[in-house]
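Asker: missing the sequence, but the structure's below:
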């Protein structure tokens, strides 16, 4: 008889020391009990896959009392869509019913002042070459509901969040501590509980928030708006990134006549509360982007105040120095590699985590193998997630700190030199290089989605060469000191992140030993 997930809830904290006597073998009669903290995209994707295995019993522990339609669209890039398709064709088909493709349209960077295309992203060719679906967006509540509808009734337990855990020192078993004081017993605990993860805090013996938590303010705040909008290029353009001095603006088609925009500004933390906006956020941003493209002002003027939100952006690099796993506990998604939203890969990387964890756990035949299986998950995901996190941060840093209005020679009524300062010249010099970098980036993302190999040496060499060239050219605009220029010229740290380099070196060492 399969274990009923609800039967694993203890009534008092006193029962923490009492564990069920389960054997080592994993069978249909004695299934592996997997607890998943958090019902986000990664957690639900993992639950859906594992729930189909008769030798695995799944319980999802979600803090919120009920699921409400909250949150805007989420990008699912070709790598994540291919994972979903291979994990569950039925889920993929339901996603397609509510999906808006952007990867088959024109996408790229525009000069925010002149409103001219600066560089375009080719999202279609890398996907077509691999027979993969195009990148696109879906409303986050729709995606969540698709997964919830696919799960057996009672598998998701709402209204009581995980605040910590304890492990059985005399055998198999782990108990998740809940906010209510109750406990839930299982064999495996997956922390899919987001950037402020209680599972991570317990594993690493560190605070959930604040100093020592490992979560760092990115240096950027973002305004986001979502609205019905009649865009002049609807159906032709997926998304546009408007660049200029010290800030940038993104407009993206999210389907059904709706659009989303983002304004990224370099601000100190807490600016949402500290900075006064007497005329509202829309007028505030219109002033911030004064002199920029009319497209920006048109969509800002069309956006109502209740359609605008502001939030500070936090991220954390994956690290070889801190734990991803410990015993029968592992971290997934934002709990271990929260990243900037610039590549739209946050949810995608959580789905890749789910794929690899499912691969590992489904091949386990005994509970004694679980620690090794989760360690293998960490080994397969560490470098790739570090690279994506680094690329996401690199995109913000190079655009905000390095880009300016490109220098231009205008042959009209004589010869005019526009924006021939250092940053403007550098931005112009980078123009032919960026499409090459984008091509390497998207090929890297689409090639490695199965995470079969810890290191993609070809991609690493290409990133080192082209990324280093970009940073060498832009060193004077991105870096402020001679030491920082040296790091920028080397290139790897800015692209992969310092801890990503540690992970790369550690895996290279393991590869040759």
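Answerer: Perfect, thanks for sending it. Bear in mind that the values here come from a model prediction, so they are computed numbers and not experimental data. Residues are numbered from 1 along each chain as shown.
Asker: shaky segments in the stretch 51-200 of the chain?
Answerer: 68-71 (pLDDT under 70).
Asker: for the chain, same thing?
Answerer: 1-17, 68-71, 317-320, 400, 454-457, 459-513.
Asker: can you point me to the longest helix in it?
Answerer: helix 370-397 (DSSP state H).
Asker: how about that one: buried residues?
Answerer: 370-371, 373-374, 376-397 (16 or more other Cβ atoms under 10 Å). Quick note: C-beta positions are derived from backbone N, CA and C, even for glycine.
Asker: for residue 367, which non-adjacent residue is spatially closest?
Answerer: residue 172 (4.7 Å; Cβ to Cβ, 6 or more residues apart in numbering).
Asker: sorry, wrong one. I was asking about residue 137.
Answerer: residue 73 (4.2 Å).
Asker: roughly how far apart are the one you found and residue 366?
Answerer: 42 Å (Cβ to Cβ, to the nearest Å).
Asker: would you confirm that the residue nearest to residue 137 contacts residue 141?
Answerer: No. At 9.8 Å, residue 73 and residue 141 do not qualify as touching, with contact defined as Cβ atoms under 8 Å.
Asker: who's more crowded, the two?
Answerer: Taking other Cβ atoms under 10 Å, residue 73 and residue 141 do not tie; residue 73 has more neighbours (23 against 16).
Asker: contacts only, for the more buried one.
Answerer: Taking Cβ atoms under 8 Å, 6 or more residues apart in numbering, we find residue 73 in contact with 137-140, 226, 254, 260.
Asker: and for residue 77?
Answerer: Residue 77 is in contact with 103, 135, 343-345, 348, 445, counting by Cβ under 8 Å, 6+ apart.
Asker: would you mind checking those residues for buried ones?
Answerer: 103, 135, 343-345, 348, 445.
Asker: nearest to residue 50 among these?
Answerer: Using Cβ to Cβ, residue 348 is the member of those that lies nearest residue 50, at 19.5 Å.
Asker: that closest one contacts residue 75, doesn't it?
Answerer: Yes. Assessed by Cβ under 8 Å, residue 348 is found in contact with residue 75 at 7.4 Å.
Asker: in the longest strand along the chain, what counts as buried?
Answerer: Ranked by number of residues, the top strand in the chain under DSSP state E is strand 216-228. Neighbour counts over strand 216-228 (16+ other Cβ under 10 Å) mark 218-227 as buried.
Asker: cool, and stretch 86-100?
Answerer: Counting neighbours by 16+ other Cβ under 10 Å, stretch 86-100 gives 87-88, 91-92, 94-95, 99-100 as buried.
Asker: please, where are all the helices along the stretch 101-250 of the chain?
Answerer: Ranges of helices within the stretch 101-250 of the chain are 124-129, 140-150, 198-204, based on DSSP state H, counting those that start in this stretch.
Asker: one step back: following the longest helix of the chain, which helix or strand shows up next?
Answerer: For helix 370-397, the following helix or strand on the C-terminal side (DSSP states H and E) is strand 408-411.
Asker: from the contact counts, what lies against that next one?
Answerer: Where contact means 3 or more Cβ pairs under 8 Å, 6 or more residues apart in numbering; DSSP states H and E, strand 408-411 is packed against strand 415-418.
Asker: name the helix or strand for residue 82, please.
Answerer: Using DSSP H and E, the element containing residue 82 is helix 78-87.
Asker: that helix to helix 370-397, inter-axis angle?
Answerer: Computed by axes from the mean of the first three to the mean of the last three Cα atoms, to 10 degrees, the angle separating helix 78-87 from helix 370-397 equals 150 degrees.
Asker: other SSEs contacting the first helix or strand past helix 78-87 going along the chain?
Answerer: Reading on from helix 78-87 to the C-terminus, the next helix or strand found by DSSP H and E is helix 89-97. Under the contact criterion of 3+ Cβ pairs under 8 Å, 6+ apart, helix 89-97 touches helix 78-87, helix 140-150.
Asker: let me see the residues that make contact with helix 89-97.
Answerer: 48, 76, 81, 84-85, 133, 138, 143, 146-147, 150.
Asker: try it again at 10 Å.
Answerer: 44-45, 48-49, 76, 81-86, 88, 99, 133, 136, 138, 142-143, 145-147, 149-150 (Cβ atoms under 10 Å, 6 or more residues apart in numbering).
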